[in-house]
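Peer 1: give me a 3D structure for the following:
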Amino acid sequence: MPTVGLKIKGIRESKNLSVEEIAERSGLSEAQINSIETEQNLPSLGPLIKVARALGVRLGTFLDDNDALGPVVCRAADREQDSSISFSNGAADTRKHMEYHPLAKQKTGRHMEPFIVDINPSEEREFQLSSHEGEEFIYVMQGEVEVDYGKEKYILCEGDSIFYDSIVKHHIHGVDGQAAKILAVVYIPF
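Peer 2: So this is what the prediction gives:
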């Protein structure tokens, strides 16, 4: 299965677009585009959304295997064996902060991106907040998470949820650097 970076590069090349054109369309630097395509540094969700927009595709296109027109069932056993994607929030040393397990990657034409997200333990205390168009819904399945949202901080325990506009700068991490697991549904207008 091609990696996210290779998929982005393949889509860009199939549309006869240069790195420079994608950088201009997305507002990212050419160096950022190159580091994404070569997977030297996987960015947070915000830059990937900008790349998807610049390419004229959904964010999920980077994770899709095939296209299903009807409902998509994702079995727990299949999800555990499935590949995941990690985002670094721009820092190479935090490359494994979150592992996203897509729940509907075979569904074509979707506007929501549902994920189970494993938040890995981290000693990091300073976080780079990100923002992008759309909305996010987070439900805590295990552990406790802190959601930095604008100037506010919210502590969520198992069973708690939060719904917010993702244009506001935000970051999600485990409380006191602990591991957690969340259900995240991201809506990105296209």
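
Peer 1: please parse this structure into its domains.
Peer 2: 4-62, 76-187 (automatic domain parsing).

Peer 1: ok, now which ones touch the closest residue to I49 other than its chain neighbours?
Peer 2: Of all residues not flanking I49 in the chain, H132 sits nearest, at 4.4 Å (CB to CB, 6 or more residues apart in numbering). (Each C-beta comes from the backbone N, C-alpha and C, glycine too.) Shown in contact with H132 (CB atoms under 8 Å, 6 or more residues apart in numbering): 45-46, 49-50, 166-167, 188.

Peer 1: now, of those, which are buried?
Peer 2: 45-46, 49-50, 166, 188 (16 or more other CB atoms under 10 Å).

Peer 1: show me those that map onto strands.
Peer 2: In strands, judged by DSSP state E, none of the buried ones among the contacts of H132 are found.

Peer 1: how about those in TSV, adding pLDDT and distance to E136?
Peer 2: Formatted as TSV, the buried ones among the contacts of H132 follow (pLDDT from 0 to 100; distance: CB to CB, whole Å):
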residue	pLDDT	distance to E136
L45	76	9
G46	79	11
I49	83	11
K50	87	16
S166	90	5
I188	79	10
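
Peer 1: just the closest of those residues to R58, please.
Peer 2: The shortest approach to R58 among the buried ones among the contacts of H132 belongs to I188, at 7.4 Å (CB to CB).

Peer 1: for this structure, where's the lowest mean pLDDT among helices and strands?
Peer 2: When the helices and strands of the chain are scored by mean pLDDT, DSSP states H and E, strand 85-87 comes last with a mean of 53.

Peer 1: in the helix or strand following that one, which residues are buried?
Peer 2: Downstream of strand 85-87, the next assigned helix or strand under DSSP states H and E is strand 98-102. Within strand 98-102, the residues that count as buried by 16+ other CB under 10 Å are 98-102.

Peer 1: just for this protein, where's the confidence low?
Peer 2: 1-2, 42-43, 63-72, 74, 78-96, 106-109, 190 (pLDDT under 70).

Peer 1: returning to what we had before: of the domains of the chain, flag the one that's most buried.
Peer 2: Most buried of these by mean neighbour count (mean count of other CB atoms under 10 Å) is domain 4-62; its value is a mean of 18.

Peer 1: distance check, M98 against D118.
Peer 2: 7 Å (CB to CB, to the nearest Å).

Peer 1: L55 versus I36, what's the distance?
Peer 2: 11 Å.

Peer 1: find residues that contact each of these two.
Peer 2: Joint contacts of I36 and L55 (CB under 8 Å, 6+ apart) are I8.
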